[in-house]
Each structure stands twice: as structure tokens, then as C-alpha cells.
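# how would this look folded up:
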Amino acid sequence: MNSERSSASPLPRLALLLGDMTGIGPELCARVLADKRLADVARIVVLGDRRVLEMGARDAGVELKIATVTSTDKIDWDGDATPMIDLGNIDPATLPRAEISAESGRLTGETLAEAIRLAKAGIIDGITFAPLNKAALHAGGWKFPDEHKMFAHLLGHNDHFSEMNVLDGQWMSRVTSHVSLREALDQINAGTIIRTIELAHNTMRKAGIDKPRIAVAALNPHAGENGLFGRDEIEVIAPAVQKAAASGIDCKGPFPSDTVYLKAFAGDYDGVVSMYHDQGQIATKLRGFNRGVTVTAGLGTVFTTPAHGTAFDIVGQGVATTGALESAVRLAAQLANRGPARLPA
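Numbers count the residues shown, from 1 in each chain. All right, here's what the predicted structure looks like:
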């Protein structure tokens, strides 16, 4: 397989995965591939089972010409057909639709693992995957709290990484993620806050923001009200923000979490670091549930996906919107085109 980018085409090579076949992923992928609306940003190869993609085309009501290939060096990137590496591992006729399936979760995990193998070999430059179901993935034998930890495990990554969400140019990250709120409180400390600020800064720079402006959310109501509602802001968060700022990062806070997103979406900041999962997720999903993108930040491989889920309630109806998937592909291409960002000197 050819691990070098074609000199004739600077566009990154992205693997597009169909997600959990029981959900809307195959339909979304078929729709964006049929009219080649993303051909201006990436060379896309579909990785998965051809039968699932054909099912997605039927759901979406689109005509899709598919060229099955065994390796990327066999692809005619200028052809009119969608290139696909057909793993032949998922027969949609044997699996349910619109419900959690352990077998579908197992096979979805296998497909993700193969995409990671291709990325590690330098055969693809990034991965965008349609929505998957975490419960199905876990039931299928991939015993991780979420796909991001699965990715880190398969990549042998032991350093800091985190899920980030991007919506309307705003980057939302968090100190803790898929853990209980009680566990999250135990994980919030100066070290984890600083690492999250640094990761947010580096990832935004990699996406083309030269000097990201980062707001840091408080933990307690009213940012602790000068210690009346807790001293975490005074003793932990503010000193961490100050230390990160002293390294050259443009970060400020802590700000009350019920208003900091108003400042961000008004354009005062490029991103927000929240303390725990729902602080950021509630704000961003209210702002644009069907438009957000999730990025796994800090890993050597680019991963993006729509921030919404598998939408079992509308599977097969041909009504799912593609905005978030399109944004995910465009962001993956942008990240894959840039080298690693560094902290300012």
C-alpha cells in the first residue's frame, strides 16, 4: 500500500466509517458521498461493509456508485465512483435496526480497529466515523467507557488526551469526561486543569487558531461566591489558570459556568474549558444539537465524529440531516493537513 500522499493531490486521505449500522450512520454517509459534496476537502475512502453502505443509499434514496478496492494504492481518486475497502464483515440482513445490538457493537469496534491499523501504518491521514452506540460497543466486548479510551488503548497512547466538541467555531473541552459526577470531583485538581488547558490550546492551534482565547469555567455556583459556596475556585482553579497563563497561553477564569458560554458564543473567547462533562455538553447541545462535532484531542491519529447519536427513532426514514457529519469530515481534513502545534515559548 502506498503510504505517501500523492504530489498531485495535497488533500488528506480520510477513512470514512459507517458507524453502528443499526443507526442512521449508513444513511448519512451515503448522502454525503452521492453528490461528492466533500470532495473539495479530502480524498475519502469508505471503510466497512459494502452491503451496509448500499443499505444506507436505499434509506437515503440516493444513487451511489461504489468502486471496491483492496488497498489505497488501487484507488482512482479522480474517478466518479466512491472508493471503498470492503471488509465484508457485517451482513445487515442478520442484524436488527433501530436498537442496541451487541453483535453490531462488536463489529463496529472491529472496523474502528482496522481504521486505526491503517492510520498507524500511514495509509490514511485521519478517521471520521458516523455515530456509534457506546452501549452496543461495550456489550460487544469492547470494554471501555467510550470509544476515545478505546482509541488510546489501540494506539498505545499513555499521555493526556480528551474529547472536545466544536460548534460554530467554538471549542469546548473538559477536565473530566465519562465518569460519574462524584468521581469527577475527585479528578479535578491543578494538574488535570492545566493539562486540559494546554491540550485545548494545542488542538485549537492545530486547527488554525494562532492564539486561542480560552475561558475556564468554575466548579461551584457563582464561581464559589468568594468562598461562600466552596473554595475550589480560590485554592485550585484560579492558581491553575494563572500558571497556564504564565506559560504564554491566553486563558482567563474561572468564570461562573452558567454564563461563561454566553461570553464564548458572543465571540469573546474561542473555547471554554469546563470542569465536568455536562457543564459543556448542555450548553453546546442546546446551541446546536445536530451541528456539533466531537474530536478526540491529544492522540497521534485524527478522529472526528458528529456530536449527536445513532437516532434510533428516525432510522430508515431518509430524514436524518448531514450537517454534523459534513462538519466532522471538514474538521478532520483541516486537522490532518496541519503539523503538531507547540506551546508558546
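# how much space between the closest residue in space to Gly271 that isn't next to it in sequence and Thr192?
Spatial nearest neighbour of Gly271, excluding adjacent residues (CB to CB, 6 or more residues apart in numbering): Trp171 at 3.4 Å. All C-beta atoms are positioned from the backbone trio N, CA, C, and that covers glycine. Counting by CB to CB, to the nearest Å, the separation of Trp171 from Thr192 is 18 Å.
# neighbour-wise, which of the two wins?
The residue with more neighbours, out of Trp171 and Thr192, is Trp171; 24 against 17, by other CB atoms under 10 Å.
# Give me the phi and psi for the more buried one.
phi -110, psi 120 (degrees, to the nearest 10).
# which one's the longest helix in this structure?
helix 102-120 (DSSP state H).
# what's next to that one, contact-wise?
With contacts defined as CB atoms under 8 Å, 6 or more residues apart in numbering, helix 102-120 is touched by 15, 17-22, 47-48, 72, 87, 89-90, 95-96, 124-127, 129, 132-133, 135-142, 147, 150-151, 154-155, 301.
# roughly how far is it from the heart of the chain?
16 Å (CA atoms, centre = their mean, to the nearest Å).
# again, but for stretch 293-312
Here the centre of stretch 293-312 is set off from its chain's centre by 2 Å, with CA atoms, centre = their mean.
# Buried residues, that stretch. List them.
293-299, 301-308, 310-311 (16 or more other CB atoms under 10 Å).
# so where's the stretch 1-150 of the chain uncertain?
1-9 (pLDDT under 70).
# Let's see that with 50 instead.
1-8 (pLDDT under 50).
# what's the spacing between Thr196 and Ser173?
Taking CB to CB as the measure, Thr196 falls 6 Å from Ser173.
# To clarify, my last question referred to Arg287.
16 Å.
# can you give me the helices for the protein?
25-34, 50-60, 102-120, 134-139, 147-155, 181-187, 190-206, 232, 238-246, 260-265, 277-288, 323-336.
# tell me what the fifth one is packed against?
Packed against helix 147-155 by the contact rule (3 or more CB pairs under 8 Å, 6 or more residues apart in numbering; DSSP states H and E) you find helix 102-120, helix 134-139, strand 293-297.
# show me what contacts Ile90?
Counting by CB under 8 Å, 6+ apart, Ile90 touches 21, 48-49, 51-52, 104, 107, 111.
# Most neighbours among these, which one?
Of the contacts of Ile90, with other CB under 10 Å as the count, Gly48 tops at 31 neighbours.
# hang on, the earlier thing: give me the pLDDT value at the residue nearest to Gly271.
For Trp171, the model assigns a pLDDT of 97.
# how many neighbours does the closest residue to Leu167 other than its chain neighbours have?
Distances taken as CB to CB, 6+ apart place Gly292 nearest to Leu167, at 4.2 Å, with adjacent residues excluded. Residues near Gly292, counting by other CB under 10 Å, number 23.
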